[in-house]
Every structure is written in C-alpha cells, then in structure tokens.
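> coords please:
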Amino acid sequence: MNFIKRRIINSIIVFLAVLNLDFFLPRLAPGNAAEILAAGSKVPATAILLLEQRFGLNKPLYVQYALYLKGIFSWPPDFGISYGYYPDTVTHLFEVRVGWSMLLLLSSLALGIALAYVAAASSTLRRGGKLEALAMDVSVLINSTPIFWSAMGLLWIFAITLNIFPLYGNVDLGATGIGYVESILVHAVLPVVTLAVSIFGESYLLLRGSTQEALKSDYVLAAESRGLYNRMIATRYVLRNSLLPLVSVMSFSLASLVSRLILVEAVFGYPGIGDLIIDAVKLHDYPVIEGSLFFLTVFVIVGGLIGDYVLVRMDPRLKS
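Residues are numbered from 1 along each chain as shown. Presented below is the predicted three-dimensional model:
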C-alpha cells in the first residue's frame with residue numbers, strides 16, 4: 001500500500017471519528033440553547049419548552065443523531081437553522097464568514113513562509129553571522145509565546161497605545177468604494193501579522209534545520225567545487241531541496257493553524273469562522289458547532305491530502 005492510499009484511509013477514519021465527536025461532545029455540556037437564551041430573563045417554563053420543541057431539543061438523542069447524519073450525507077450538506085442567528089441557516093452563515101477567514105489564513109501563510117524563506121536564504125549565505133543568530137532567537141521566542149499573547153500585545157501597542165490600527169472588526173461601517181477596500185486591508189493587518197509571525201517561527205526553524213543538512217550533501221560540495229556563487233548555491237540547491245520537510249510539516253499542521261486562526265479571530269473580534277464557533281459554543285448552538293467543525297475538518301483533510309500529493313511529486317520515493 002503506497003503513501004497516498006495510507007493517508008486516504010487514515011483521513012477517512014479521522015473524518016468518521018470527528019463526525020461522532022462533533023455531535024456528542026457539545027451535548028455533554030450542561031444545559032441547552034433554549035435554557036441559555038432564557039437565562040437572566042423572566043421567561044416562563046412553557047416558553048423554554050416551546051423553544052426546545054422548535055429547535056428539536058426535546059427529541060430523543062438517537063433521533064437527533066439520525067437527523068444529524070441525514071443532513072451530513074445529503075447533498076449539499078444541511079445542518080439546519082442556527083439557534084443564535086435564527087432564522088439564518090448554518091450554510092448561509094458559513095458562506096458569509098468563510099471568505100474573511102480565508103483572507104487571514106492565505107495572507108498569513110504567504111507572508112510567514114516568504115519571510116522564513118528570505119531569512120533562511122540570508123542565513124545560508126552568511127552562516128554563523130549575526131542575522132542567523134537573530135533569526136534563530138526570534139523564531140525560538142515566537143514558538144515559545146502563546147499566539148493569543150502575541151495578538152493581545154500587538155493589539156495593545158498598535159491599536160490602543162499608538163491608535164494606528166482598528167481595535168476590532170473587519171471593516172468600518174458605511175465604507176464604500178476604495179474606502180471599503182482600504183478599510184478591509186487596515187482591519188486585516190494586525191490579525192495577518194500575528195498569524196504570519198507564528199508561521200514564520202516554525203517555518204524558519206524547519207528551513208534552517210534542513211538547510212544545515214543540505215549544506216553537508218555531496219551536490220552542494222560539488223557546486224562549491226565548480227565555483228558557483230553562494231547565492232546560486234543557497235537558492236537553487238540548498239533551499240529548493242530543503243522545502244520537503246516544510247511542506248510535510250505544514251500539511252500535517254493545518255489543524256494547528258486553524259486553531260490559531262480561531263484564537264486570533266477571537267482576540268481581534270474578526271467575524272470569521274473562528275468567531276462564529278466561539279459564539280456557538282457559548283450559546284450551545286449545536287447546528288453551528290456541527291456545521292463549522294464539519295467544514296473545517298473537510299478543509300484540513302483535503303489540505304493535508306493536497307500536501308501529500310505535493311510531497312510525492314517532490315520526492316517520488318514516497319510512492320512506495
């Protein structure tokens with residue numbers, strides 16, 4: 001059985017396990033959405049019963065589970081109506097929010113990996129220099145700092161103290177035209193930088209480790225004996241062959257990256273999928289929790305399989 005087939009089988013097993021955890025774990029918490037919506041207000045018990053009936057929370061657990069599976073395996077998947085954003089459907093909420101999350105995720109990935117690549121190339125050209133030591137210290141510091149601390153630190157410095165960037169949100173109310181685009185970019189700066197810095201920390205350490213191994217290889221020694229420039233050796237030989245561990249780890253770290261995205265959105269009040277999940281957990285909004293985690297699980301699995309395919313293309317030895 002080759003590498004891709006094993007990964008597909010493992011992904012299917014993980015997907016089925018997550019489907020069940022996605023349904024049962026939220027229901028282990030005490031209370032339900034009807035009771036939480038009525039908390040702190042003088043709502044009669046009959047109103048709570050009506051809410052439970054409207055949301056289907058009074059049905060036996062096995063009936064709710066059957067309806068849950070029916071919604072998942074229908075096309076397109078149907079998770080019903082949100083309790084907290086009634087009468088919006090879960091699919092509609094996801095469609096509205098996913099674009100904002102992807103803006104942060106893709107921008108931070110591109111920026112973080114680009115910074116790590118430049119720093120690793122510079123370190124390779126000047127081995128043992130001050131730049132390499134500085135990049136190493138910074139990456140270690142970043143990896144040892146929780147991302148929500150980094151997010152709150154940037155928020156305190158640049159949004160509260162210096163008042164350069166907005167405190168929360170994704171766009172200013174009433175912004176139109178070019179001002180609308182500018183507002184989106186300004187609001188995205190701090191969340192993107194926070195995620196990019198986190199990605200830089202782990203990416204640089206991986207690239208540095210793999211470049212150190214590549215520098216000892218025969219093809220690098222052969223290139224040096226031919227009198228090639230250090231810049232060409234660093235970019236064409238060393239870094240190109242050092243990308244394999246980075247692609248491998250990034251494909252396996254998508255779940256970790258998504259969890260960091262959720263924390264960043266929570267700190268900056270950014271209306272993406274992460275912010276939606278946190279609100280749903282507070283309210284016990286089962287359809288939103290189930291739908292959001294389902295779509296995120298599919299994203300992580302598909303992203304991991306794409307990463308595996310890229311790995312096989314880069315290193316055909318993995319086919320066996």
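> quick check: Ser123 touching Leu131?
Yes - with contacts counted by Cβ atoms under 8 Å, Ser123 reaches Leu131, the gap being 6.2 Å. In this view, the C-beta of every residue, glycine as well, is placed from N, C-alpha and C.
> what about the two, which has more around it?
Ser123 (23 against 13; other Cβ atoms under 10 Å).
> skipping adjacent residues, who's closest to the more buried one in space?
Spatial nearest neighbour of Ser123, excluding adjacent residues (Cβ to Cβ, 6 or more residues apart in numbering): Glu132 at 3.9 Å.
> surely that neighbour and Ala121 touch.
No - contact criterion Cβ under 8 Å: Glu132 and Ala121 do not qualify, at 11.0 Å.
> state the helix or strand in which the residue nearest to Ser123 lies.
In the assignment (DSSP states H and E), Glu132 maps to helix 130-143.
> packing partners of the helix or strand following that helix?
Next helix or strand after helix 130-143 toward the C-terminus (DSSP H and E): helix 147-154. Secondary-structure packing of helix 147-154 (3 or more Cβ pairs under 8 Å, 6 or more residues apart in numbering; DSSP states H and E): helix 177-215, helix 254-268.
> for those, which has the smallest mean pLDDT value?
Mean pLDDT is lowest for helix 177-215 out of these, coming in at a mean of 82.
> from the chain's centre, how far out does that one sit?
The gap between where helix 177-215 is centred and where its chain is centred comes out at 13 Å by Cα atoms, centre = their mean, to the nearest Å.
> which other residues reach the helix holding Glu132?
Outside helix 130-143, the residues within contact range by Cβ atoms under 8 Å, 6 or more residues apart in numbering are 119-120, 122-123, 126, 150, 197-198, 200-202, 204-205, 208.
> equivalent analysis for stretch 21-30, please.
Identification of contacts with stretch 21-30 by Cβ under 8 Å, 6+ apart yields 61, 64-65, 68, 281, 284, 286, 289-290, 293-294, 297.
> try it again with 10 Å
Identification of contacts with stretch 21-30 by Cβ atoms under 10 Å, 6 or more residues apart in numbering yields 32, 57, 61, 64-65, 68-69, 72, 280-281, 284-286, 288-294, 296-297.
> what about it, distance to the chain center?
For stretch 21-30, the distance from its own C-alpha centre to the chain's C-alpha centre is 22 Å (Cα atoms, centre = their mean).
> what's the answer for stretch 145-152, then?
15 Å.
> send the alpha carbons of it over as PDB?
C-alpha atoms of stretch 145-152 as PDB (Å, rounded to 0.1, in the frame of the first residue of the first chain):
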ATOM      1  CA  THR A 145       4.900  32.500  23.100                       C
ATOM      2  CA  PRO A 146       1.200  31.600  23.000                       C
ATOM      3  CA  ILE A 147      -0.400  33.200  20.000                       C
ATOM      4  CA  PHE A 148      -3.100  34.900  22.000                       C
ATOM      5  CA  TRP A 149      -0.400  36.700  24.000                       C
ATOM      6  CA  SER A 150       1.200  37.900  20.700                       C
ATOM      7  CA  ALA A 151      -2.200  39.000  19.500                       C
ATOM      8  CA  MET A 152      -3.000  41.000  22.700                       C
END
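> quick check: buried residues in it?
147, 150-151 (16 or more other Cβ atoms under 10 Å).
> of the residues you listed, just say which sits nearest to Ile262.
Set against Ile262, the nearest of the buried residues of stretch 145-152 by Cβ to Cβ is Ile147 (10.1 Å).
> how far away is that closest one from Glu132?
Distance, Ile147 to Glu132, by Cβ to Cβ, to the nearest Å: 25 Å.
> hmm, which of the contacts of stretch 21-30 are the buried ones?
Buried members of the contacts of stretch 21-30, scored by 16+ other Cβ under 10 Å, are 32, 57, 64, 68, 72, 280, 284-286, 288-294, 296-297.
> could you list which of the residues you listed belong to strands?
Judged by DSSP state E, strands contain none of those.
> take those residues and keep only those in helices.
With DSSP state H as the criterion, helices contain 64, 68, 72, 280, 286, 288-294, 296-297 from among the buried ones among the contacts of stretch 21-30.
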